[in-house]
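Student: Build me a model:
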Amino acid sequence: MITMCMGFGCNAAGVVGCRIIDSPRERLIAILTNSFVPCNGRFPFLIAISTIFIASTVQGFSQSIISTIAVIFVILLGIFFTLIISKLLSKTILKGMPSSFVLELPPYRKPQFGKILVRSIFDRTLFVLGRAISVAAPAGLIIWLFANIGINGENLLTIVANFLNPLAQLMGLDGYILTAFVFGIPANEIVLPIILMCYLGGNTLVNLDDTFSIGQILIANGWTILTAINVMLFTILHYPCATTLLTIKKETGSWKWTFISFLLPTVCGIMLCIFTNLIYHIFV
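Tutor: This is a model prediction of the structure:
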């Protein structure tokens with residue numbers, strides 16, 4: 001539970017926090033399911049989409065309440081999937097006896113704030129920051145190249161979007177949205193800027209602070225309430241960012257478990273979006 005709560009700030013930090021779990025089996029379960037909890041990078045996107053599309057279904061002061069409820073619901077959904085997948089893992093590939101968690105309190109000593117600050121910075125903050133930088137720099141170059149290199153009048157981002165469009169349509173999305181999630185693997189914060197860049201036909205990331213302008217661009221490109229719902233669901237349930245994946249590799253020492261941690265939330269997100277899209281078209 002503690003490591004899951006740490007994931008709300010950063011999934012990579014939550015993975016590192018799993019070190020406090022003595023049982024290797026339960027530590028691995030906690031690592032594999034940590035990304036089901038939305039990190040701080042996903043909240044602005046969730047709030048923006050909820051404000052633009054969910055809140056617009058009502059009028060007056062209740063708009064903010066409805067928007068808040070929608071965000072809380074998808075967060076609780078992520079927690080629900082965390083518990084369900086943890087249970088499934090403990091009954092299948094990571095079967096074993098549950099262990100008790102006993103935390104022995106050490107003798108009380110006066111806190112040494114200098115030592116705490118130094119250890120926190122060097123042992124944790126710089127560790128995660130270093131991995132983020134090692135991913136962000138090459139990823140930024142790749143995004144720029146795909147946005148600026150063209151074939152037969154279309155840039156590579158558009159070609160990738162057209163390739164992903166059949167799966168995206170099945171999920172109630174479009175090819176550009178799915179492309180943005182693919183290229184947003186360095187950090188969840190850049191998913192929306194990539195979507196806007198694709199829609200506006202630009203060659204650099206677009207970052208708008210005006211929610212109304214963002215909404216106008218998304219609606220003009222075919223977004224509906226169904227699109228917004230499925231985007232919010234897939235924001236909660238998709239692969240961890242690259243920094244978290246590298247941290248998982250470091251903590252587990254295995255590419256196999258890193259791949260499983262990538263696959264688990266992604267499969268859940270794709271299946272849930274397909275289900276939501278199917279139900280919507282049956283009843284609406």
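Student: can you map out the strands along the stretch 1-150 of the chain?
Tutor: Counting by DSSP state E, counting those that start in this stretch, the segments of the stretch 1-150 of the chain that form strands are 150-151.
Student: what ranges do the helices span in it?
Tutor: Assigned by DSSP state H, counting those that start in this stretch, the helices in the stretch 1-150 of the chain fall at 2-6, 11-17, 24-33, 43-49, 62-91, 113-120, 126-148.
Student: Of the ones you listed, which is nearest residue 235?
Tutor: helix 43-49 (5.7 Å; C-beta to C-beta). Any C-beta I mention is one placed from the backbone N, CA and C, and that applies to glycine too.
Student: elements contacting that closest one?
Tutor: helix 62-91, helix 191-200, helix 225-236 (3 or more C-beta pairs under 8 Å, 6 or more residues apart in numbering; DSSP states H and E).
Student: So for residue 15, which of those helices sits nearest?
Tutor: Using C-beta to C-beta, the helices and strands packed on helix 43-49 put helix 62-91 closest to residue 15, at 13.4 Å.
Student: Tell me which residues of the closest one come out buried.
Tutor: 67, 70-71, 74-75, 77-78, 81-82, 85-86, 89-90 (16 or more other C-beta atoms under 10 Å).
Student: try stretch 138-155
Tutor: Buried, per 16+ other C-beta under 10 Å, within stretch 138-155: 139, 143, 146-147, 155.
Student: Can you tell me the number of residues neighbouring residue 276?
Tutor: 17 (other C-beta atoms under 10 Å).
Student: ok so, going back, and the helices of the stretch 1-150 of the chain as TSV, adding mean pLDDT?
Tutor: Output for the helices of the stretch 1-150 of the chain, formatted as TSV (pLDDT from 0 to 100):
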stretch	mean pLDDT
helix 2-6	63
helix 11-17	82
helix 24-33	87
helix 43-49	90
helix 62-91	89
helix 113-120	63
helix 126-148	67
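Student: Dump these into a markdown table; add distance to residue 198 as well.
Tutor: Output for the helices of the stretch 1-150 of the chain, formatted as a markdown table (distance: least, C-beta to C-beta, whole Å):
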| stretch | distance to residue 198 |
| --- | --- |
| helix 2-6 | 33 |
| helix 11-17 | 25 |
| helix 24-33 | 31 |
| helix 43-49 | 15 |
| helix 62-91 | 24 |
| helix 113-120 | 39 |
| helix 126-148 | 8 |
